[in-house]
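[1] Quick one, fold the following:
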Amino acid sequence: TFTLLLITLLILSCQKKEERLRTDRTSGLVRELLTKLDSADFYAARKEAEIDACKNQIGRGRDYRENFYILYEVGDKYANFIIDSSLVYFERAAQVATEANDDRLRILAEIRLSTMLTIGGFYMSSFNVINSIPREKLQGSLVERYYNAWTKLYREVYTSSYEPDSLKWAYHDKYITYRDTLLSVADRNGEYYLRNMERKAAQAGNLAEARQYNAIRVANITDHKSYAYATCLYDRFVISQHYENNLTGHDVDDLLQAAIIELEYCNRDIHSMLCVIDLLNEIEEVKDAKKVSDYYYNSLLRFGSRKRLLECGLQSMSRISYC
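    Purely as a prediction, here's the structure:
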């Protein structure tokens, strides 16, 4: 009798949890995501067409500055699509600026190159690039871009699954130092400041404050189909899942909406999709979870980040954080 009662309670608990993870919109968003997965090749072809249109302008600029920004734009369009190609074009942009003795543009390209090397898991190369930039030559927006690159590098290293535990706290301390320096120089209305303050508040347990920063970020975005908006939705989901440990159906909807936007944007450095897989499995939509999983891993292979590939089998929702 006790065993039967226990089983009954577990079943009721699971049912309540599944109900709690749904709203009136949830099923529709799941269907929309799965439908758009069938059109993934279309979104990839559209992205490639955009990139090709930019590449056709290479060398046609009126001066070195225009040629620089064309190469930079190509690198930027590849950034979430094919990491190796992104690295190639940021390197070419830096070379154009170097040949023209334009320190500002060279540093701009090198900072971007460093962040892409970080995402790719090439930590030492990223360190060498960013460390070679003389701080006395930093002016204007380059200052916060520079400290953001350092912050991103040490955040990625600190949270890496394959870095030795004995070094992680040293990397964590470096991350905190550079993050706080970034916060001291960043525009207080800008994304670097707002997102890092949101992370800092969440890590400190000040979750209401973290949500306030997220709300400001959302209010600053007019295009609710943009990648920036998807990032805000994902970060809001992380606050609920990782820090509050209290997911609701509205949080699941945020996650699904972020995944849909990332799919349309053809972002292959996808954080939200892994969470979607876990959630679909949790609510026993196993077949749908398999479909999303196949897309997720194929995207990682095409993106080409060794860090993402090495960790894709180790990540789980319990390890998601802002760190």
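[2] Run through the stretch 101-250 of the chain and note the low-pLDDT ranges.
    Applying pLDDT under 70 to the stretch 101-250 of the chain flags residues 161-163.
[3] name the element residue 200 belongs to?
    Secondary-structure element containing residue 200, defined by DSSP states H and E: helix 191-203.
[4] Next, count neighbours for residue 45.
    Using other CB atoms under 10 Å, residue 45 has 12 other residues around it. Quick note: C-beta positions are derived from backbone N, CA and C, even for glycine.
[5] To clarify, my last question referred to residue 306.
    12.
[6] nearest residue to it other than its sequence neighbours?
    residue 121 (4.2 Å; CB to CB, 6 or more residues apart in numbering).
[7] Dihedrals phi and psi, that neighbour?
    The phi/psi pair for residue 121 (degrees, to the nearest 10) reads phi 90, psi 10.
[8] Residue 82 now?
    phi -140, psi 110.
[9] what does the helix holding residue 200 contact?
    With contact meaning CB atoms under 8 Å, 6 or more residues apart in numbering, helix 191-203 is reached by 144, 148, 151, 179, 182-183, 186-187, 207, 209-210, 213-214, 216-217, 220, 228, 231, 235, 238-239, 242-243, 321-323.
[10] Output that helix as PDB - backbone C-alpha positions only.
    Extracted in PDB, the C-alpha atoms of helix 191-203 (Å, rounded to 0.1, in the frame of the first residue of the first chain):
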ATOM      1  CA  GLU A 191      25.000  46.200 -23.600                       C
ATOM      2  CA  TYR A 192      28.500  45.400 -22.200                       C
ATOM      3  CA  TYR A 193      27.600  47.200 -19.000                       C
ATOM      4  CA  LEU A 194      24.000  46.100 -18.600                       C
ATOM      5  CA  ARG A 195      24.600  42.400 -19.400                       C
ATOM      6  CA  ASN A 196      27.700  42.200 -17.100                       C
ATOM      7  CA  MET A 197      25.800  43.900 -14.300                       C
ATOM      8  CA  GLU A 198      23.000  41.500 -14.800                       C
ATOM      9  CA  ARG A 199      25.400  38.600 -14.500                       C
ATOM     10  CA  LYS A 200      27.200  40.100 -11.500                       C
ATOM     11  CA  ALA A 201      23.900  40.700  -9.700                       C
ATOM     12  CA  ALA A 202      22.700  37.100 -10.400                       C
ATOM     13  CA  GLN A 203      26.000  35.600  -9.200                       C
END
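[11] which residues of the stretch 101-250 of the chain fall in helices?
    Secondary structure of the stretch 101-250 of the chain (DSSP state H, counting those that start in this stretch): helices at 103-120, 123-131, 142-158, 165-185, 191-203, 207-219, 227-238, 249-265.
[12] Tell me, how many residues neighbour residue 94?
    24.
[13] again but with residue 177, I slipped
    By other CB under 10 Å, neighbour count at residue 177 equals 14.
[14] Any figure for the gap between it and residue 184?
    11 Å (CB to CB, to the nearest Å).
[15] For burial, what's the neighbour tally of the residue nearest to residue 306?
    Neighbour number of residue 121 under other CB under 10 Å is 20.
[16] From what I see, residue 107 and residue 137 are in contact.
    Yes - between residue 107 and residue 137 there is a contact under CB atoms under 8 Å: 6.3 Å.
[17] more crowded one of these two?
    Using other CB under 10 Å as the criterion, residue 107 and residue 137 rank with residue 107 on top: 22 against 12.
[18] contacting residues for residue 96?
    Contacts of residue 96 by CB under 8 Å, 6+ apart are 64, 67, 68, 71, 105.
[19] give me the element the second one is part of.
    So the one you mean is residue 67. helix 64-78.
[20] got a list of contacts for that helix?
    So helix 64-78 is contacted by 47, 50-51, 54-55, 57-61, 85-90, 92-93, 96-97, 99-100, 102, 105, 108-109, 112, 116 (CB under 8 Å, 6+ apart).
[21] Narrow those residues to those in helices?
    Of the contacts of helix 64-78, the ones assigned to helices by DSSP state H are 47, 50-51, 54-55, 85-90, 92-93, 96-97, 99, 105, 108-109, 112, 116.
[22] Drop anything exposed from those.
    With neighbours counted by 16 or more other CB atoms under 10 Å, these contain buried members at 47, 51, 54-55, 85-90, 92-93, 96-97, 105, 108-109, 112, 116.
[23] Residue 293: which of the contacts of residue 96 is nearest?
    residue 71 (35.6 Å; CB to CB).
[24] What count of nearby residues applies to that closest one?
    27.
[25] how far away is it from residue 23?
    Taking CB to CB, one finds residue 71 at 45 Å from residue 23.
[26] cool, and residue 194?
    For residue 194 relative to residue 23 (CB to CB), the value is 27 Å.
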